[in-house]
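Participant: Output the structure for:
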Amino acid sequence: MSLQSPQPQVVLSGHGLVKYYGEVVGLAGVDVAVRSGEALAVMGPSGNGKTTLLHVLAGILTPDQGEVWLGGERVDQLNDAARTVLRRRRLGFVFQDNQLLAELPADENVALPLMVDGLSRRDAIGRARMMLAQVGLAAEAGRRPGELSGGQAQRVAIARALVGEPQAVFADEPTGALDAATGSQVIDLLVGAATHRGAAVVVVTHDNAVAARCHRVLRIVDGRVSETPGAAGHESSVGPGGQPVNDLGWGTGR
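Facilitator: The predicted model follows:
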């Protein structure tokens, strides 16, 4: 008799997510779950809910209906201040335009969220330089964003997203401003580095090549979703609070 290895724990999940913009439906009852070490690509036409889903899962927006869970904690019930702390300490973000501060060198850009959270400058810079070395930029630690290539700048952004050891990493079109070859390198680094650390990764993209590097692909149209396997081809279904799903579609207990 063969024994199956246990599936990784669900880190991030949303259940019955609904979001309205006036009379426009942004999300129409979305269910999603991402496990530790798993990358989920979110695809679909512009204006159909991809970024709304990312912002709701990240606690930037509050859903009008539904629940968001991160590591067993219900995010949508937290107040604004608590969600801000959660994003700073437990989440990482990578954006299309990297959002690096032009006046700061790479190591200070990476160290900034640690210093904002109270870590000493010396310790924060030390951790930032170690992270930059891990993304292949040890020699560029003292360079400002304007002195870096587009791919290098995104590597700095990835290092900044990962330096705090987040439970989940959100990337919104992280390769959109890069050529195909550089974009492939960047998404491989992002998915590989984050999932190696056990983080859940959510990538919003229009690029099929980017989606192919993720474990699963969630397609969203008119605020509704369908899902297909990605490179790893495995499914993950959970109920509220990360509980296993029974055949009826909700958790077997909480």
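
Participant: Quickly note the distance from the spatially most central residue of the chain to residue 148.
Facilitator: With distances taken as Cα atoms, centre = their mean, residue 170 lies nearest the centre of the chain, 2.1 Å away. Per Cβ to Cβ, to the nearest Å, residue 170 is found 22 Å from residue 148. For the C-beta atoms, the positions are set from N, CA and C on the backbone; glycine is no exception.

Participant: hang on, the earlier thing: contacting residues around the residue nearest to the centre of the chain?
Facilitator: With contacts defined as Cβ atoms under 8 Å, 6 or more residues apart in numbering, residue 170 is in contact with 54, 57, 58, 91, 92, 93, 94, 201, 202, 204.

Participant: The first one sits in which helix or strand?
Facilitator: Looking back up the chat, that one is residue 54. helix 50-57 (DSSP states H and E).

Participant: Report all helices and strands that that helix contacts.
Facilitator: strand 10-21, strand 24-35, strand 39-43, strand 168-172, strand 200-204 (3 or more Cβ pairs under 8 Å, 6 or more residues apart in numbering; DSSP states H and E).

Participant: Could you export the ones you listed as CSV, including distance to residue 127?
Facilitator: CSV is the format used below for these (distance: least, Cβ to Cβ, whole Å):
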stretch, distance to residue 127
strand 10-21, 22
strand 24-35, 25
strand 39-43, 24
strand 168-172, 17
strand 200-204, 21
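
Participant: Sketch out the low-pLDDT regions of this structure for me.
Facilitator: 1-6, 227-254 (pLDDT under 70).

Participant: try 80
Facilitator: Confidence mapping of the chain against pLDDT under 80 gives the ranges 1-7, 227-254.

Participant: just the helices in it please.
Facilitator: Per DSSP state H, the chain carries helices over the ranges 50-57, 80-90, 106-116, 121-134, 150-162, 180-196, 208-211.

Participant: As CSV, could you dump the C-alpha coordinates of the longest one?
Facilitator: Output for helix 180-196, consisting of C-alpha atoms alone and laid out as CSV, is shown next (Å, rounded to 0.1, in the frame of the first residue of the first chain):
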residue,chain,number,x,y,z
ALA,A,180,9.9,38.3,-23.2
ALA,A,181,13.3,36.9,-22.3
THR,A,182,13.7,39.1,-19.3
GLY,A,183,10.1,38.6,-18.2
SER,A,184,10.6,34.8,-18.2
GLN,A,185,13.7,35.2,-16.0
VAL,A,186,11.8,37.5,-13.6
ILE,A,187,8.7,35.3,-13.2
ASP,A,188,10.9,32.2,-12.8
LEU,A,189,12.8,34.0,-10.0
LEU,A,190,9.6,35.3,-8.4
VAL,A,191,7.8,32.0,-8.4
GLY,A,192,10.8,29.9,-7.5
ALA,A,193,12.1,32.1,-4.7
ALA,A,194,8.7,32.7,-3.1
THR,A,195,7.4,29.1,-3.3
HIS,A,196,10.8,27.8,-2.0
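
Participant: Going forward, count from 29.
Facilitator: Got it, the first residue is 29 from now on, which makes the last one we talked about helix 208-224.

Participant: Can you point out the buried residues in that helix?
Facilitator: Buried residues in helix 208-224, counted by 16 or more other Cβ atoms under 10 Å: 210, 211, 212, 213, 214, 215, 217, 218, 219, 221, 222, 223.

Participant: Please name every helix or strand in contact with that helix.
Facilitator: strand 67-71, helix 178-190, strand 196-200, strand 228-232, helix 236-239.
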